[in-house]
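Predicted model and sequence below, questions to follow.
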Amino acid sequence: MSRVGMNPVPVPDGVSVNIANGEITAKGKLGELSYRFIKDVDVAMEDGLITVTPKSESKRTLTMWGTTRSRIFNLVKGVDEGFSVNLEIIGVGYRAAVEGKNLVLQLGYSHNIDFPIPEGITIKCPKPVEIAVSGTDKQQVGQVAANIRSFRKPEPYKGKGIKYVDEYIMRKEGKKK
């Protein structure tokens, strides 16, 4: 039995939720998101709480029960508060800047990397060595942050590269004479 799926999803003030034809749509101050859930679960809204219940006891239904609840929670939270991921650049001469609709990265290569900012994502660089990725869709925010990090992953000897702010890099000892 899913422990996550049993918990109802609270709908905060300022967010309107519509459930119809196997799709849930949430509108809030940051925009509108929708999610099409599978037919093996029932989604209902009562008294400002969204509940997800399985229709059968099959393994697929029980696994999708918790997944559906988590996706709906992220949907509601995304249109109300949004999601953000912070990245940090470590290395001499490494820096980032937002120019128009592109993120320009200088990461020690012979050329700059121009990363086009996707629709629905906001990227800010408060400092040349910090990148803040934010948006309403949790999956899209995480994927954009992972794509930016993949341009220069942190290496274990000096720690140079792009890393998440809360990430810990296991350091290795260099060669000894």
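On my side now, so go ahead. Numbering: from 1, shown residues only.

can I see the domain layout of this structure?
The chain breaks down into these structural domains: 3-80, 83-164 (assignment by automatic domain parsing).

Heading C-terminal from the helix or strand of the chain with the lowest mean pLDDT, find the next helix or strand.
Least confident helix or strand of the chain, by mean pLDDT, DSSP states H and E, is helix 3-6 with a mean of 86. Later in the chain than helix 3-6, the nearest helix or strand by DSSP states H and E is strand 9-10.

elements contacting that next one?
strand 49-54, helix 59-80 (3 or more CB pairs under 8 Å, 6 or more residues apart in numbering; DSSP states H and E). (Each C-beta comes from the backbone N, C-alpha and C, glycine too.)

for the domains of the chain, which one sits closest to Lys175?
Smallest distance to Lys175 across these (CB to CB): 9.7 Å, for domain 83-164.

Now do the closest one, average pLDDT.
Here the mean pLDDT over domain 83-164 is 95, rounded to a whole number.

Tally up the residues packed near Gly14, please.
10 (other CB atoms under 10 Å).

And it, how close does it get to Lys77?
Gly14 sits 12 Å away from Lys77, going by CB to CB, to the nearest Å.

which stretch among the helices and strands packed on strand 9-10 comes nearest Gly100?
In terms of CB to CB, the element of the helices and strands packed on strand 9-10 nearest to Gly100 is helix 59-80, at 25.4 Å.

contacts for the helix or strand following the closest one?
Tracing the chain past helix 59-80, the next element assigned as helix or strand by DSSP H and E is strand 83-90. Here strand 83-90 makes contact (CB atoms under 8 Å, 6 or more residues apart in numbering) with 74, 77, 95-96, 107, 128-138, 141-142, 145, 148-149, 154, 159-165.

Same check on stretch 123-136?
Applying CB under 8 Å, 6+ apart, the external contacts of stretch 123-136 come out as 30-31, 33, 78-79, 82-90, 94-98, 103, 117, 120-122, 141, 144-145, 148, 162.

still on that earlier bit, include distance to Met170 when you put the domains of the chain into JSON lines, please.
JSON lines is the format used below for these (distance: least, CB to CB, whole Å):
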{"stretch": "domain 3-80", "distance to Met170": "29"}
{"stretch": "domain 83-164", "distance to Met170": "6"}
